[in-house]
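S.K.: the sequence and its predicted three-dimensional model are supplied below.
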Amino acid sequence: MATVQSYVGNEKALLFEMTPQVATGKLGAFLTKTQSKNSKHKMLDKFTETGPDGARKFIKDDTTKLETVPADMVEKLRAAFGRAGYGATLQKVGWQIRPYSEAYFKVVDVAARVGSGVGSFGVGRYYVLLAGEDRLLENGSGEAGGVILDVKYEPEPAVSAVLGPEDTDWYHGLFPSEAMRAVEAQRRLTSYTDPFTGWVVVDGKAFVVRQRSPFKESFDLASLGTFAEFAEYVQQIAVITATSHTRGTVGKSPGQFKEVVSAAFGSPYARATWGVSVVDVAESYRLQVLLDFECFEEYAKSIMEQEEGNEGGGEGEGE
């Protein structure tokens, strides 16, 4: 709450970043380690190799979790990355924006990304290698560089199931595709947006496009050994969340997110009441998630037992 209120009357939220220099405690150490351990050059060497002709291509094996894509799908993706497709969805003004050119954005190779993801696990996902070089990838070896794009299908959000006709029409008016919605959110929530964010449509399905980041690590909550460490971590995450919500507002002054929240929770009583409500909702949500998982586990177990029973019955009949 204090963070949101500190942004009223200024635009500081647009520039705030939780960097290794800003973060403290276990989070600061985590960010420092992640920044030093990973690099775009290492990522390129992990997922690609240089052929006899000097051109890079994806390494498709169990280590990279990349697989070969059917030829017809490769051609569809190549076509989708043209000037009128992906090129038309790129930002024209912003951080490190590169004007679209057929040579730079030429698709060199395509691979299917499998066995990865959290909320998006199991959805259609591809890695696309562009011909253009990213200067940050140079290692002095003289080898060709490249840009790896992560192309991920964006399914319909769960909230759409409970929207009424009026809200549904309004929603689709704002976002013609789910991929556009996801890209718009990323551009609003971050201060230095990946210049490669955009989207493509293949076989009527919308895919989010972004550059694959080498800085993909998960913070280990088990490393927080004391209440003080946990509180320090949560406080910093709260600052990040509050800043993102402030950036993402679709309202105009005096109806921006930060202004509405500041007005609604300006009194100590309002903030205290809200705090109690958040705790109650969080506790109920936790219990619901545990119950949902228990039901899912029982359902999966029953299906497996049923399949095993069917297999056993088949063998008996054969005998």
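M.R.: Arrived safely.

S.K.: residues near Val110, how many?
M.R.: By other C-beta atoms under 10 Å, 25 other residues sit near Val110. For every residue, glycine as well, the C-beta is placed using N, CA and C.

S.K.: list the residues that contact it.
M.R.: Applying C-beta atoms under 8 Å, 6 or more residues apart in numbering, we find Val110 in contact with Phe58, Val69, Met73, Val74, Leu77, Arg78, Tyr126, Tyr127, Val128, Leu129.

S.K.: which of those residues tops the neighbour count?
M.R.: For these, counting by other C-beta under 10 Å, the largest number of neighbours falls to Val128: 27 neighbours.

S.K.: still on that earlier bit, just the ones of the contacts of Val110 in strands?
M.R.: Phe58, Tyr126, Tyr127, Val128, Leu129 (DSSP state E).

S.K.: is it possible to export those residues to JSON lines including distance to Leu31 and pLDDT?
M.R.: What follows is the ones in strands among the contacts of Val110, written out as JSON lines (distance: C-beta to C-beta, whole Å; pLDDT from 0 to 100):
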{"residue": "Phe58", "distance to Leu31": "29", "pLDDT": "93"}
{"residue": "Tyr126", "distance to Leu31": "29", "pLDDT": "95"}
{"residue": "Tyr127", "distance to Leu31": "26", "pLDDT": "95"}
{"residue": "Val128", "distance to Leu31": "28", "pLDDT": "96"}
{"residue": "Leu129", "distance to Leu31": "28", "pLDDT": "94"}
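
S.K.: which stretches of the stretch 51-200 of the chain form helices?
M.R.: Ranges of helices in the stretch 51-200 of the chain, per DSSP state H, counting those that start in this stretch, are 71-80, 86-89, 165-174, 178-189.

S.K.: need those helices in JSON lines (columns: mean pLDDT).
M.R.: Output for the helices of the stretch 51-200 of the chain, formatted as JSON lines (pLDDT from 0 to 100):
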{"stretch": "helix 71-80", "mean pLDDT": "95"}
{"stretch": "helix 86-89", "mean pLDDT": "96"}
{"stretch": "helix 165-174", "mean pLDDT": "91"}
{"stretch": "helix 178-189", "mean pLDDT": "90"}
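
S.K.: could you dump these to CSV with distance to Val202?
M.R.: Formatted as CSV, these follow (distance: least, C-beta to C-beta, whole Å):
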stretch, distance to Val202
helix 71-80, 5
helix 86-89, 11
helix 165-174, 20
helix 178-189, 10
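
S.K.: looking at the ones you listed, spot the one closest to Gln288.
M.R.: Nearest of those to Gln288, taken as C-beta to C-beta: helix 165-174 at 23.7 Å.

S.K.: same for that closest one, what does it pack against?
M.R.: Judged by 3 or more C-beta pairs under 8 Å, 6 or more residues apart in numbering; DSSP states H and E, helix 165-174 is in contact with no other helix or strand.

S.K.: now Ile59: how far from Arg247?
M.R.: When distance is defined by C-beta to C-beta, to the nearest Å, Ile59 is 37 Å away from Arg247.

S.K.: neighbour-wise, which of those two wins?
M.R.: A direct count of neighbours by other C-beta under 10 Å for Ile59 and Arg247 places Arg247 higher, at 20 against 14.

S.K.: just checking, that one touches Lys12?
M.R.: No - using C-beta atoms under 8 Å, Arg247 makes no contact with Lys12, being 10.6 Å away.
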